[in-house]
Structures are given as structure tokens and as C-alpha cells.
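Participant: Kindly return the folded structure for what I paste below:
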Amino acid sequence: MWNFQNLQLMLCTALSCVSSAAGLISVFGYEGSDVTVSCPYDPGYERYQKYLCKNSCSYSDFLIKSTQGNKTKYSVYDDKRTRVVAVTISDLHFGDTGEYWCGVTRAGKDIYTEVKLEVKADRCCDKVNKTQSIEEGSVTISCPYDSQSVNKLKFLCRGNRPSTCRQQAVITSSNTQNGRFRLSDDRKSRIFTVTISSLTLKDSGSYLCGVQRNSGFDVFSAVELEVKAESCCAKSKNMSGVMERSVTFQCPYAPQHPNDTMFLCKGNRASNCTDMMDESRFILSDVSSSSFSVTVTKLEAGDAGTYWCGSGPEANVGNYTRFHLSVDATLHQLSDPAFYALFALAAADGDIRPS
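Facilitator: Alright, predicted model coming up:
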């Protein structure tokens with residue numbers, strides 16, 4: 001008999017996972033992919049014929065024998081050194097789900113071990129979380145997992161095919177930095193996050209968060225990312241100010257965002273602008289459920305330029321307004337009391353004559 005009392009056999013790939021314990025072999029695979037059933041046997045049966053069959057293993061239920069050549073859907077290899085016969089089932093479909101048997105032909109009653117095969121659709125998921133950002137900006141994708149997965153491998157891949165996700169992952173918890181991708185795992189809250197920086201329009205599309213399972217199917221959640229051109233969504237306003245005077249920016253504020261996420265920054269692009277909120281001349285005021293104000297006092301010529309303000313993660317789509325500020329020095333000179341004093345002194349000296 002095949003000895004399974006102390007046997008634990010496991011064969012896992014990116015496409016499928018096969019486990020064996022106590023006489024039952026559980027096999028998992030995705031529709032359209034292949035799966036390999038590995039059936040161990042006891043010493044002394046190396047030269048005996050092995051086979052895989054379905055249901056009651058009647059004559060019509062035999063799928064392939066070790067003494068046969070490989071077939072289109074089934075192939076077999078008997079490794080006599082390790083005493084494992086491996087049967088590969090190709091191009092899985094839902095009809096392949098069910099009960100199989102690994103068999104060893106011998107005089108009298110054959111030796112059987114039960115195999116159960118489960119086939120799932122190679123797509124994910126019923127629920128898709130959607131997120132947006134802008135080109136040249138960044139985005140953080142949050143991936144929750146259960147308490148049994150704290151020490152498991154986490155990964156992120158593009159597309160929505162679970163069968164190839166781990167194999168084609170752009171980042172994993174075993175290599176937490178890969179170019180523009182960075183993975184962090186908060187085990188206390190059981191959420192791992194992947195931050196993608198320097199976004200391009202080509203980063204738009206479907207992503208899968210994955211957690212590896214030692215047996216059975218890996219666990220996935222789906223995310224749809226939309227990356228928009230920076231100029232697509234921001235409201236744009238022109239403003240003018242006078243040197244040494246003040247100007248006030250009226251900024252949008254979303255009530256679901258914490259107060260500490262209000263921002264005003266300066267630069268040509270929202271994704272890499274300079275934070276101005278800590279500057280002493282930039283004063284926050286009039287915070288309401290829908291807006292807040294930032295007043296710039298004692299304007300300088302260098303204050304002219306492009307500003308972005310809003311709330312939430314900086315440069316998120318729709319959370320900010322763009323301002324173009326110009327600073328006029330001429331009006332300041334005309335309204336400066338010192339300028340008028342000089343004008344009056346020149347007139348008294350007769351340097352200014354009527355035309």
C-alpha cells in the first residue's frame with residue numbers, strides 16, 4: 001500500500017498547487033492553465049504500471065497509463081528514483097473539476113489514492129477598488145489581508161489573471177523596492193501597501209494584490225488605477241497682487257480629509273511643487289467644511305508664479321485648485337508715501353514745471 005500516514009507532499013507553482021496528506025491529494029488550477037498531480041508510491045512498485053482515472057475507474061474512466069505515450073490533454077512521468085508518478089492535465093476547464101484516482105496495477109486489487117481537482121476561472125474579482133492620480137504624481141494602493149496571512153508572501157501584479165500574477169509580480173514582500181514601486185507591510189493592521197511614484201499615463205489599468213497560500217489558491221483583491229494628465233482636472237484661476245500688500249488664496253477643502261492634509265505649494269507641477277504652509281508670511285485662516293484660505297502678507301516680486309492648493313494627498317485628482325499669481329511693483333511705487341514725498345520736494349525746488 002502507499003504509505004500516507006507520515007507523508008506530506010507539496011508541489012506549488014504560479015499556476016497551481018498540489019498537496020497530499022492522509023491518502024487524499026488536493027489539486028487546484030485555473031481555467032486554461034495546466035496542473036500536475038504528483039502521486040507517491042511505496043518501495044517495490046517501481047516497475048508496476050501506474051495510471052490516473054476518474055469517477056469509478058471503469059474502463060472508459062482511464063485517462064492515461066504510465067506505459068502509454070503522452071496524450072494531448074494528459075502526460076505522465078514515472079520517477080522511479082523518488083517513487084513519484086506525475087500526471088499533467090493540460091488546458092483545464094470547469095468540466096475537469098471532480099474526483100480522480102491515482103492507481104497502481106497489481107495482481108488482485110489495485111492500489112488507489114483519491115485525488116480531488118478544483119478549477120477556478122482565471123479572473124478576479126467581483127469587487128474592484130478604484131483609485132486615481134495624475135501623471136508625475138504618486139499613488140498608494142492598499143491591500144488588506146486576514147490574520148492567517150501575516151507571515152505569507154505578499155505581491156502586486158498588473159492585469160487581472162490570478163494564474164500568472166505571482167510569477168509576473170512587479171513587487172513582492174521579499175523585495176520591497178523595485179524601481180518606482182515600494183511595498184510596506186503593516187502587520188498590526190494587516191494591510192500591505194504599494195506606492196507607485198513618477199506615474200505615467202501608461203500606468204493606468206488593472207492591478208491585483210495577492211497573498212500566497214501554501215495550499216489551495218492564492219488570495220487576491222483587485223484595483224483599477226486611472227492616471228490622468230495633470231492639467232485635466234484642476235480648476236485654474238488668475239490672481240494679481242501688489243508688492244508689500246497681501247493676497248488671499250481661496251482653496252477647496254473636502255470634509256473627509258484631516259486638517260493636516262491641507263496644502264498650498266508653489267511650482268509648475270502639482271507633483272513636485274514646494275510646500276509653502278510653513279512660511280511665516282503664509283497664514284492659514286477661515287477653515288470651513290468646504291474651503292480654507294491662505295493669506296500671503298508683504299508680497300515680494302519672487303512670490304509671482306504658479307500655486308496649487310487643496311486637501312487630501314497632495315496632487316490627487318480633483319482635490320486642488322491651480323493659481324497663477326502676478327505681482328505688480330509699479331502700483332506699489334505709485335502708492336508709496338515716500339514716492340510722493342520725493343515728488344513734492346522736487347516740485348518745491350522747481351525741477352517740475354507745468355507743460
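
Participant: Is Arg245 in contact with Leu299, as I believe?
Facilitator: Yes. Between Arg245 and Leu299 there is a contact under Cβ atoms under 8 Å: 5.8 Å. (C-beta placed from N, C-alpha, C; glycine too.)

Participant: the more surrounded of these two?
Facilitator: Neighbour count, other Cβ atoms under 10 Å: between Arg245 and Leu299, Leu299 has more, with 21 against 15.

Participant: Can you classify the closest residue to that one other than its chain neighbours as helix, strand or coil?
Facilitator: Residue nearest to Leu299 in three dimensions, not counting chain neighbours: Gly241, with 4.7 Å by Cβ to Cβ, 6 or more residues apart in numbering. Judged by DSSP: H, G, I helix; E, B strand; the rest coil, the three-state class of Gly241 is strand.

Participant: burial count for Gly241?
Facilitator: If you count neighbours by other Cβ under 10 Å, Gly241 ends up with 20.

Participant: distance of it from Val247?
Facilitator: According to Cβ to Cβ, to the nearest Å, Gly241 and Val247 sit 4 Å apart.

Participant: Could you tell me which residues touch both of these two?
Facilitator: Residues touching both Gly241 and Val247 (Cβ atoms under 8 Å, 6 or more residues apart in numbering): Val296, Leu299, Leu325.

Participant: I figured the second one was touching Met239, is that so?
Facilitator: In this case it means Leu299. No. Counting by Cβ under 8 Å, Leu299 does not reach Met239; the two are 10.8 Å apart.

Participant: Quick check: neighbours shared by the two?
Facilitator: Val247.

Participant: how about the helices in the stretch 51-200 of the chain?
Facilitator: 162-165 (DSSP state H, counting those that start in this stretch).

Participant: Show the low-confidence segments of this structure, by residue range.
Facilitator: Applying pLDDT under 70 to the chain picks out residues 1-22, 230-234, 313-319, 331-355.

Participant: thinking again about what came up before, just to check, the residue nearest to Leu299 is in contact with Thr295?
Facilitator: No. Gly241 lies out of contact with Thr295 (Cβ under 8 Å); the separation is 10.7 Å.

Participant: Need the overlap of contacts for the two.
Facilitator: Residues touching both Gly241 and Thr295 (Cβ under 8 Å, 6+ apart): Val247.

Participant: Can you tell me the closest non-neighbouring residue to Asp303?
Facilitator: Val327 (5.5 Å).

Participant: So what does that neighbour have for phi and psi?
Facilitator: Backbone torsions of Val327, given as degrees, to the nearest 10, read phi -120, psi 120.

Participant: ok, back up a step: out of the shared contacts of Gly241 and Val247, who's nearest Thr36?
Facilitator: Leu325 (66.2 Å; Cβ to Cβ).

Participant: The closest one looks like it's in a strand, true?
Facilitator: Yes. The assignment for Leu325 is a strand, going by three-state DSSP.

Participant: Domain-wise, how is this structure divided?
Facilitator: Here the domain parsing of the chain from automatic domain parsing is 8-120, 128-228, 235-332.

Participant: Let me know the distance separating the residue nearest to Leu299 from Leu325.
Facilitator: Look at Gly241 and Leu325: by Cβ to Cβ, they are 6 Å apart.

Participant: Can you pull the residues that touch both of these two?
Facilitator: Common contact partners of Gly241 and Leu325 (Cβ under 8 Å, 6+ apart): Val247, Asp303.

Participant: For the strand or helix carrying Ile283, give me every contacting residue.
Facilitator: Assigned by DSSP states H and E, Ile283 belongs to strand 282-285. Identification of contacts with strand 282-285 by Cβ under 8 Å, 6+ apart yields Met262, Leu264, Met276, Met277, Phe292, Ser293, Val294, Thr295, Val296, Thr297.

Participant: So for the protein, the centremost residue is which one?
Facilitator: For the chain, the residue sitting closest to the mean C-alpha position, by Cα atoms, centre = their mean, is Ile141 at 4.6 Å.

Participant: Make sure it is actually in contact with Phe192.
Facilitator: No. Applying Cβ under 8 Å as the test, Ile141 and Phe192 come out as separate, 9.3 Å apart.

Participant: shared neighbours of these two, which are they?
Facilitator: With Cβ under 8 Å, 6+ apart, Ile141 and Phe192 have common neighbours Cys209.

Participant: how far away is Glu99 from Tyr320?
Facilitator: Noted for Glu99: a distance of 59 Å to Tyr320, by Cβ to Cβ.

Participant: Settle it for me: which of these two has more neighbours?
Facilitator: Tyr320 (26 against 12).

Participant: how close does the more buried one sit to Asp96?
Facilitator: Distance from Tyr320 to Asp96, counting by Cβ to Cβ: 53 Å.

Participant: Contact partners for the residue nearest to Asp303?
Facilitator: Ser240, Gly241, Val242, Met243, Leu299, Glu300, Ala301, Asp303, Ala304.
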